[in-house]
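Colleague: Give me coordinates for this.
(one chain, ligands or ions: 1)
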Amino acid sequence: MNKKVDYLIVGQGLAGTFLAFELMQKGKSVMVIDKGLKYSSSRVAAGVINPIVLRRFTVTWRAKEFLNYNPFFYEKLDKYLGKQYHFSLPLKKLISSQDEIDFWKYRYDKEDVRDYIYKELTDVKENLFPTEKFKVGLAKQASWLNISDLLVDFRANLEAKNALLEEEFDFSSLRTNRYKNIEFGRVVFCEGARGKYNPLFKSLPFSLNKGQLITVKNNQLPSDSLLKKKVFILPTSESIFKVGATYSWKWDTSSEEAAHKIEPEKTELLKTHLEEITTSNYEVVAVQTGIRPSIKDRRPLIGQHPDKADVYMFNGMGTRGCFMAPLLIDEFINYCEQGADLHKEVDLRRFL
Ligand SMILES: Cc1cc2nc3c(=O)[nH]c(=O)nc-3n(C[C@H](O)[C@H](O)[C@H](O)COP(=O)(O)OP(=O)(O)OC[C@H]3O[C@@H](n4cnc5c(N)ncnc54)[C@H](O)[C@@H]3O)c2cc1C
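Modeller: Numbers count the residues shown, from 1 in each chain. Presented below is the predicted three-dimensional model:
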């Protein structure tokens, strides 16, 4: 049976999910094609939202704009699915040397980070650190998106609307405004790391990045805040914490299975970093890897195909998809529907 939709979306990671949701909110019809890859970056992501890089105390790109927009978007999504996925979470940076204390104070005096960290450092209250020297610096405006539950629930919602095709996208079946029996106005590729191999957008400089994180069971770590030292410790459910994440730039690319192979030395590294924070016993209950869709210049990759007016890409969410995607999706839809300009730093034409 033939079907007609405004938008055909390839990929139901975070990007495809947010795009489908926002389009439906605006009264547009969608069909999403997703193979259900168990390895997608969004399935692995911890879902931490943090506007500041706590290693160097730099404010991330367009942080204020994303922070202003996110509550509006996530509240709307929570309401639509009838469940809360987005939570405020105090972020505690653990500080263990005088140099770090001095640097915190020095950075606080710079105006750009004052909106994102509190000045005062406090003593550690939790009785679980291997050294008494720790101090805690509190970062403002951090939050957590329960992205794994959100993807599963949104997928069920699409299925119930007959708006999901679980299959590998077949490029040989793509014609202008048509894919197999589906007539569409626009097709948007939201393929994450796989975008690197999209035959329609060959020359885009993806700089993919592999990440690994572990999930641990522990009864003593605090469940009311996100801890950060060399790694973050994120409480996700009772006694369960995600610890991560690693960054690698080289891996076996011979197959998807090979690319996502768990790296035992990274697991050991994460455990070592965890043990620098807590002496309490824990059990590793899961290890996951994913490939972040990063771009050479660390900016998103969004826009229209240079020659095919019905073909678009929304990609390049890199390490901060949960933070950036809501506003970027809104801007992308305005670009498609109203002819608004894209932010110059995200437009894929910068590489063409
Ligand atoms: C270890 C790790 C930790 C992370 N932690 C965080 C974090 O705390 N906070 C944060 O904001 N970000 C984090 N990220 C980054 C985040 O995962 C990405 O920014 C984001 O998820 C990218 O989403 P996406 O939808 O663009 O791509 P993906 O999540 O990769 O989704 C792409 C989808 O497209 C489908 N697909 C692709 N090609 C095809 C095809 N040809 N046919 C059918 N389907 C196809 C796949 O099945 C997949 O579902 C982390 C990443 C990793 C690896």
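
Colleague: beta partners for Ile295?
Modeller: Partner residues in beta bridges with Ile295, using DSSP bridges, are Phe206.

Colleague: tally of neighbours for it?
Modeller: 23 (other CB atoms under 10 Å). Where you see a C-beta, it was placed from the backbone N, CA and C, and this is true even at glycine.

Colleague: Wait, it touches Pro205, no?
Modeller: Yes - here Ile295 lies in contact with Pro205, judged by CB atoms under 8 Å, at a distance of 6.3 Å.

Colleague: and the gap between Gly16 and Val136?
Modeller: 38 Å (CB to CB, to the nearest Å).

Colleague: Neighbour count for these two, which is higher?
Modeller: Gly16 (28 against 19).

Colleague: Can you tell me the closest non-neighbouring residue to that one?
Modeller: Cys190 (3.8 Å; CB to CB, 6 or more residues apart in numbering).

Colleague: Can you give me the distance of the residue nearest to Ile277 when sequence neighbours are not counted to the ligand?
Modeller: Nearest non-adjacent residue to Ile277, counting by CB to CB, 6+ apart: Lys229, 5.5 Å away. Noted for Lys229: a distance of 16 Å to the ligand, by CB to the nearest ligand atom, to the nearest Å.

Colleague: who are the neighbours in contact with the residue of the chain positioned farthest from its centre?
Modeller: Distance to the chain centre peaks in the chain at Met1, reaching 35.8 Å (criterion: CA atoms, centre = their mean). Neighbouring residues of Met1 by CB atoms under 8 Å, 6 or more residues apart in numbering: Asn181.

Colleague: Could you measure from it over to the ligand?
Modeller: Distance from Met1 to the ligand, by CB to the nearest ligand atom: 21 Å.

Colleague: rewinding a little: based on its surroundings, how many neighbours for the residue nearest to Ile277?
Modeller: Lys229: 19 surrounding residues under other CB under 10 Å.

Colleague: Quick one: distance of the lowest-mean-pLDDT helix or strand in the chain to the chain centre.
Modeller: The weakest-scoring helix or strand in the chain, judged by mean pLDDT, DSSP states H and E, is helix 111-114 (a mean of 82). Distance, stretch centre to chain centre, for helix 111-114: 25 Å (CA atoms, centre = their mean, to the nearest Å).
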